[in-house]
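Colleague: Provided below are the primary sequence and the corresponding predicted coordinates.
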Amino acid sequence: MIPWLLAALSLCTPGTGLPPRHMDSVIHMVEALESPHANVTVTMAELALALGGCSTPGCRAVLGEPPNVTTAPPALNPDQWQLLTQLLHRDAAVLAPDGSTVALGPLLAGIAVGLRRAGEGPILDAPVDPLFAVTIAEALGTSFLLARRGHGATLGPGGCWDDVDHPQNYTLMGPPSLVPDAVANGAMDGVLLGNRLAGDPIWLAKLLRDYYGTGNGTEEGRPPSSYRRRDFGVLAGAGKLEKEVLAMLRVLRVLPPTRELLEDVGAEEEVAIAQRASREFTERYVECPAIVPRCMWGARPYRGTPKPLSLPLGSVYIHHTFSPGTPCRSFAACAGAMRAMQRFHQDTRGWDDIGYSFVVGSDGYVYQGRGWHWVGAHTKGYNSRGYGVGYVGDFSATLPDVDTIALVRDELLPCAVRTGRLRHNYTVRGHRQMGHTDCPGESLFREIETWRGFV
């Protein structure tokens, strides 16, 4: 395999005593660089290019050779500079306030394109859209070319941080690809923020704070970053992503470091690779919702031996948690609600684990309970027949917000069908239909009566 690709297939960041690998740490550095008293001439986007954020052949072909920056800008202290040099390799990642993990390389490469389009530097003449090229098109095309040769996965996996309050170590949960979840998130954010800057240039620190939110515990509502899948889908729809992957493959064909990957790839297969790459990326990262794994919300271990489900299942049972009775609107609040429910289910109910298969927060994310493959304890007598999906809150008199309802109805359930976990003719029922309970609350029950599959 090409040597520079070997290093790119890893996204485990080593722990240090440096500031936490959190987006807030990055924003603090951007604020320092943008301070009117900073006395610096280099931007964060330029530092990203100089320190490895655009190290791949295609990215350099689009953005040119990076600037030469060998010493720390005076605005950054030694710890910040050391952290930055580690984070600005293309695949190094940070934890965002919404609980998602974001690779800084594609994020800041997209921002660099946006700034250049706004007049802050040259855009090279290339047969590709530079914004898509430096964020996702090259990574996708190369990943699927490598898979064609039998070299690993094409997309994913996700991973988990050692400590969400002071993140230092990020460990992947499966075989690496060139497009793990963190790179997918960083690429989508790079497209969205680069597009925003091109049309309305503002201070980068403000842009990042507004997009990601200001802290891990805010209750002010969903940050725009939690809508990245929906918003990226708008910009990349109607064949745009496929077109840009194909254009990037044709650029890679003439670059010395990558042309060997395409030596035996004909024009028809080139088109097929672009189609497959864009389709699978869209299905995984746009049409399916993000699911927060157990290790991210701080789950206790399962007690005993879990029983496997026989997939695909035929039913979905909708619940509300009742307690907690208030919808959670941030990663910190939803993770806390998950831990509280698991403690109650294990310590008071005596169950092996949290009962639900999945739990839905009002922060834009689905949280893994027992997950896709293990029998839950959500609907007595029917736990092996369907998934139990609980909305955090008491929805007797009120409804979850529109986006939170859609997260299950329009994303989770169709995704489960496409991935073979749920039958295409699945049924939806409220918990009250299966036992003596008011769950999922009168208002939510009336809502699910309108869903496809309700019986």
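Modeller: Looks like it came in fine. Numbering: from 1, shown residues only.

Colleague: Domain map for the protein?
Modeller: Structural domains assigned to the chain are 3-287, 295-448, following automatic domain parsing.

Colleague: could you dump the ones you listed to a markdown table with mean neighbour count and distance to residue 454?
Modeller: Backbone N, C-alpha and C define where each C-beta goes, glycine included. Converted to a markdown table, these look like this (neighbours: other Cβ atoms under 10 Å; distance: least, Cβ to Cβ, whole Å):
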| stretch | mean neighbour count | distance to residue 454 |
| --- | --- | --- |
| domain 3-287 | 19 | 22 |
| domain 295-448 | 19 | 5 |
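
Colleague: Could you save those as TSV and add columns showing mean pLDDT and distance to residue 455?
Modeller: Shown next, in TSV, are those (pLDDT from 0 to 100; distance: least, Cβ to Cβ, whole Å):
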stretch	mean pLDDT	distance to residue 455
domain 3-287	89	25
domain 295-448	97	5
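
Colleague: Now do the strands in the stretch 201-350 of the chain.
Modeller: In the stretch 201-350 of the chain, the segments counted as strands under DSSP state E, counting those that start in this stretch are 291-292, 313-320.

Colleague: Can I get those in TSV including distance to residue 197?
Modeller: Output for these, formatted as TSV (distance: least, Cβ to Cβ, whole Å):
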stretch	distance to residue 197
strand 291-292	29
strand 313-320	41
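
Colleague: Of those, which is nearest residue 214?
Modeller: Within the strands of the stretch 201-350 of the chain, the stretch nearest residue 214 is strand 291-292; the backing value is 20.4 Å (Cβ to Cβ).

Colleague: tell me the contacts of residue 261?
Modeller: Residues near residue 261 by Cβ atoms under 8 Å, 6 or more residues apart in numbering: 2, 142, 145, 146, 149, 252.

Colleague: do you know how far the last one is from residue 177?
Modeller: What that stands for is residue 252. 17 Å (Cβ to Cβ, to the nearest Å).

Colleague: same check, this time on the second one
Modeller: From residue 142 across to residue 177, the span is 10 Å (Cβ to Cβ).

Colleague: same deal with residue 97?
Modeller: Remark: distance between residue 97 and residue 177 (Cβ to Cβ) = 26 Å.

Colleague: Which element, helix or strand, includes the most centrally placed residue in the chain?
Modeller: By Cα atoms, centre = their mean, the chain has its centre lying nearest to residue 185, at 4.2 Å. Using DSSP states H and E, residue 185 falls within helix 181-199.

Colleague: how distant is that helix from the center of its chain?
Modeller: In this view, helix 181-199 has its centroid 12 Å away from the chain centroid, taken as Cα atoms, centre = their mean, to the nearest Å.

Colleague: ok so, going back, so who does the residue nearest to the centre of the chain touch?
Modeller: Counting by Cβ under 8 Å, 6+ apart, residue 185 touches 96, 100, 101, 102, 103, 228.

Colleague: One more pass at 6 Å, please.
Modeller: Neighbouring residues of residue 185 by Cβ atoms under 6 Å, 6 or more residues apart in numbering: 100, 102.

Colleague: That one and residue 365, how far apart?
Modeller: 12 Å.

Colleague: which ones are touching the closest residue to residue 386 other than its chain neighbours?
Modeller: Among residues not flanking residue 386 along the chain, residue 315 sits closest, at 3.0 Å (Cβ to Cβ, 6 or more residues apart in numbering). By Cβ under 6 Å, 6+ apart, the contact list for residue 315 reads 385, 386, 427.

Colleague: Please give me every residue in contact with the last one.
Modeller: Residues touching residue 427, when contacts are defined by Cβ under 6 Å, 6+ apart, comprise 315, 453, 455.

Colleague: Relative to residue 388, how far out is the nearest residue to residue 384 once chain neighbours are set aside?
Modeller: Excluding the flanking residues, the one nearest residue 384 by Cβ to Cβ, 6+ apart is residue 375, at 5.1 Å. According to Cβ to Cβ, residue 375 stands 10 Å off from residue 388.
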